[in-house]
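Enquirer: just coords:
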């Protein structure tokens with residue numbers, strides 16, 4: 001099982017090093033960046049489970065970046081910032097961030113918040129870590145989709161949250177309100193767009209026809225429904 005990947009975007013080397021050390025000690029993988037351009041370039045090949053983003057960056061407005069991450073990447077984003085005003089926190093969450101941590105902070109708090117965020121969306125009743133459906137096997141212990149030939153495609157924690165939600169409720173309507181309640185995050189356009197991105201990526205990984213998906217159906221004005229037959233193991 002691959003450890004969750006946390007990206008750290010902050011222009012202060014001391015903070016990057018402090019967070020990277022604490023997260024590595026806690027069992028996470030990390031990638032650190034001092035500029036938004038470096039971070040965005042890395043996203044072309046890396047799929048982080050959590051993005052820690054400072055708002056005061058030398059080459060980009062942090063709030064704009066958070067909004068783009070939520071809308072285009074469907075990423076789980078935690079803001080780390082010295083901006084303590086309530087309006088900054090509200091704006092960050094409205095733009096799609098999943099949490100907001102104010103500097104100065106204890107690294108242990110950041111680790112705890114990340115662990116809490118990674119636990120969100122997990123079922124109250126343990127259904128297992130492996131689901132079989134329509135020729136696919138979803139391995140939630142290592143975040144991978146396996147096809148009938150054994151070929152594997154990785155998925156992110158954020159995508160896994162949505163996939164698990166569907167697989168635990170096959171052939172039932174999943175409304176946007178239910179998704180927001182279970183997965184958390186600020187309601188509104190940013191949440192809806194983040195869900196659209198994650199579902200679109202899941203469809204691609206499941207080799208769905210985007211014009212006529214067989215498994216994840218959109219019920220316009222109501223939500224989604226997963227049409228597969230699901231069996232849980234492990």
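Expert: Received, thanks. Keep in mind that this is a model prediction, so the values were computed, not measured. Numbers count the residues shown, from 1 in each chain.
Enquirer: give the next helix or strand downstream of the longest helix anywhere in the chain.
Expert: Longest among the helix segments of the chain by residue count, using DSSP state H, is helix 189-205. On the C-terminal side of helix 189-205, the closest following helix or strand by DSSP states H and E is strand 216-219.
Enquirer: and that following strand, what does it pack against?
Expert: Judged by 3 or more Cβ pairs under 8 Å, 6 or more residues apart in numbering; DSSP states H and E, the packing partners of strand 216-219 are helix 189-205, strand 223-226. All C-beta atoms are positioned from the backbone trio N, CA, C, and that covers glycine.
Enquirer: show me what the last one is packed against.
Expert: Applying 3+ Cβ pairs under 8 Å, 6+ apart, we find strand 223-226 packed against helix 157-167, strand 173-174, helix 176-183, strand 216-219.
Enquirer: re earlier: tell me the buried residues in the longest helix of the chain?
Expert: For helix 189-205, burial by neighbour count (16 or more other Cβ atoms under 10 Å) applies to 190-191, 193-195, 197-203, 205.
Enquirer: between it and helix 157-167, how big is the angle?
Expert: In this structure, helix 189-205 runs at an angle of 80 degrees to helix 157-167, with axes from the mean of the first three to the mean of the last three Cα atoms, to 10 degrees as the basis.
Enquirer: point out the most buried one among the helices and strands packed on strand 223-226.
Expert: Ranked by mean neighbour count under mean count of other Cβ atoms under 10 Å, the helices and strands packed on strand 223-226 are led by helix 157-167, which reaches a mean of 23.
Enquirer: all strands of this protein, in order?
Expert: Using DSSP state E, the strands of the chain run over residues 5-9, 29-33, 50-54, 77-81, 99-102, 130-133, 136-139, 144-146, 152-154, 173-174, 216-219, 223-226, 230-233.
Enquirer: give the pairing partners of the first one; include direction for each.
Expert: Strand 5-9 sits in its sheet next to strand 29-33 (parallel), strand 50-54 (parallel), going by DSSP bridges.
Enquirer: point out the most buried one among the ones you listed.
Expert: Ranked by mean neighbour count, the strands paired with strand 5-9 are led by strand 50-54 with a mean of 25 (mean count of other Cβ under 10 Å).
Enquirer: list the contacts of it.
Expert: 4-12, 15, 19, 62, 65-66, 69, 75-81, 97, 110, 114, 117-118, 157 (Cβ atoms under 8 Å, 6 or more residues apart in numbering).
Enquirer: got a PyMOL select line for the buried ones in those residues?
Expert: Listed next is the PyMOL selection for buried residues among the contacts of strand 50-54, using 16+ other Cβ under 10 Å:
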select buried, resi 4+5+6+7+8+9+10+11+15+19+62+65+66+69+75+76+77+78+79+80+81+97+110+114+117+118+157
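Enquirer: quick check: closest non-adjacent residue to the spatially most central residue of the chain.
Expert: For the chain, residue 158 is the residue whose C-alpha lies nearest the centre (Cα atoms, centre = their mean; 2.6 Å). Distances taken as Cβ to Cβ, 6 or more residues apart in numbering put residue 76 closest to residue 158, at 4.9 Å, once the chain neighbours are dropped.
Enquirer: ok, residue 205 - contacts?
Expert: Contacts for residue 205 (Cβ under 8 Å, 6+ apart) come out as 145, 153, 155, 159.
Enquirer: which ones are touching the third one?
Expert: Residues touching residue 155, when contacts are defined by Cβ under 8 Å, 6+ apart, comprise 47, 143, 144, 145, 163, 201, 202, 205.
Enquirer: what is the nearest of those to residue 220?
Expert: Taking Cβ to Cβ as the measure, residue 220 lies nearest residue 202 of the contacts of residue 155, at 18.4 Å.
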